[in-house]
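Asks: below are the sequence and a predicted model for it; my questions follow.
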Amino acid sequence: MTGYAPRMPAAPMMDRDAVSAFLDEVFPQIHHGGPGPVVESVGPMTATMRLPYHERHLRPGGTISGPAMMGLADVALYVAILGQIGPVALAVTTNLSFNFMRKPAQGDLLAEARLFKLGRSLAVGEVLIRSLGRDDLVCHATGTYAIPPK
């Protein structure tokens, strides 16, 4: 009897710099009105993004808003997928679910995306969002993306 050996993820097709350049090319509006999400790293089935603290992302009370966190989670999953499959602009979100855990600190946010499944037509993953330098989660998101046929 042999044990189950999980398939190891392939090395990413795009690194941090390539994904950043691609986002700037196909989504220049991501930086309109102030700093947008920054690609910190891309690894096998993973990506880390940082959302700089800026007034355009704030809600009353001075903390980063839920919609800003939702956008951060969405782009973090997209970047994790792009890292694996290459520059596919038309990979699109089909589902996102959010659990807001606590109020974020007044500072940058860090989003860690991890893919659970990467098939020919669907990708499924999660994103953990924390205030930079803190361990407690401020948001947990899960999402599914549709990948267009080649």
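Replies: Happy to help now that I have it.
Asks: what helices and strands are in contact with the strand or helix carrying N99?
Replies: Using DSSP states H and E, the element containing N99 is strand 92-100. When contacts are defined as 3 or more C-beta pairs under 8 Å, 6 or more residues apart in numbering; DSSP states H and E, strand 92-100 packs onto helix 66-85, strand 137-146. Every C-beta, even on glycine, is put in place using the N, C-alpha and C of the backbone.
Asks: what pairs with it, parallel or antiparallel?
Replies: Applying DSSP bridges to the sheet, strand 92-100 is found paired with strand 137-146 (antiparallel).
Asks: can you give me the buried ones in the strand it pairs with?
Replies: 138-139, 141-145 (16 or more other C-beta atoms under 10 Å).
Asks: now, which of these sits nearest L82?
Replies: Y145 (10.1 Å; C-beta to C-beta).
Asks: list the contacts of the closest one.
Replies: 77-78, 81, 91-94, 122-124 (C-beta atoms under 8 Å, 6 or more residues apart in numbering).
Asks: what's downstream of the helix or strand where A111 lies, the next helix or strand?
Replies: Under the criterion of DSSP H and E, A111 resides in strand 109-118. Elements were assigned by DSSP H and E; along the chain past strand 109-118, the next helix or strand is strand 122-131.
Asks: ok now stretch 18-31, how far from the chain's centre?
Replies: 14 Å (C-alpha atoms, centre = their mean, to the nearest Å).
Asks: which residues make contact with that stretch from outside it?
Replies: Contacts of stretch 18-31 (C-beta under 8 Å, 6+ apart): 14, 36-39, 42, 47, 75, 79, 82-83, 87, 89.
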